[in-house]
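1. For reference, the sequence and a predicted model appear below.
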Amino acid sequence: MFTVYVLYSCEFDKIYIGYTSDIEKRMLSHNQLATKGYTIKYRPWKIIYTEIFESKSEALKREKQLKSAKGRLFVRGLIK
């Protein structure tokens, strides 16, 4: 099982879209463990949207859709 997720940083008004096979471990990494990368600059993050997929290829396809211009409009709509 793979989870496509959208994170939101209220403090910085930033979004992050990704996928993982272990959402709990991934959130720990985004908010505490990681020492480099995009997400460390905008902590704390909260999950605002998730979708579950059975295959990695389905998750990657949906992640790509959410990262498109139309997908980002959908994500910004979730925030408001």
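-> That came in fine, so what should we check first? Numbering: from 1, shown residues only.

2. what sits against the residue nearest to F53 when sequence neighbours are not counted?
-> In this structure, F53 finds its nearest non-sequential neighbour in A59, 4.3 Å apart by C-beta to C-beta, 6 or more residues apart in numbering. For every residue, glycine as well, the C-beta is placed using N, CA and C. For A59, the contact set (C-beta atoms under 8 Å, 6 or more residues apart in numbering) comprises 2-4, 19, 53.

3. make it 10 Å
-> Listed by C-beta atoms under 10 Å, 6 or more residues apart in numbering, the contact set of A59 reads 1-5, 18-21, 51-53.

4. closest to Y38 among the residues you listed?
-> G18 (10.1 Å; C-beta to C-beta).

5. Which strand or helix spans the closest one?
-> Element membership of G18, judged by DSSP states H and E, is strand 14-20.

6. Identify each buried residue in the strand or helix carrying the residue nearest to F53, please.
-> Using DSSP H and E, A59 falls within helix 56-66. Residues 59, 62-63, 66 are the ones in helix 56-66 that count as buried (16 or more other C-beta atoms under 10 Å).

7. re the thing from before, give me the contact list for the strand holding G18.
-> Here strand 14-20 makes contact (C-beta under 10 Å, 6+ apart) with 2-9, 26-27, 29-30, 37-39, 41-42, 45, 48-51, 53, 56, 58-67, 71-72, 75-76, 78-79.
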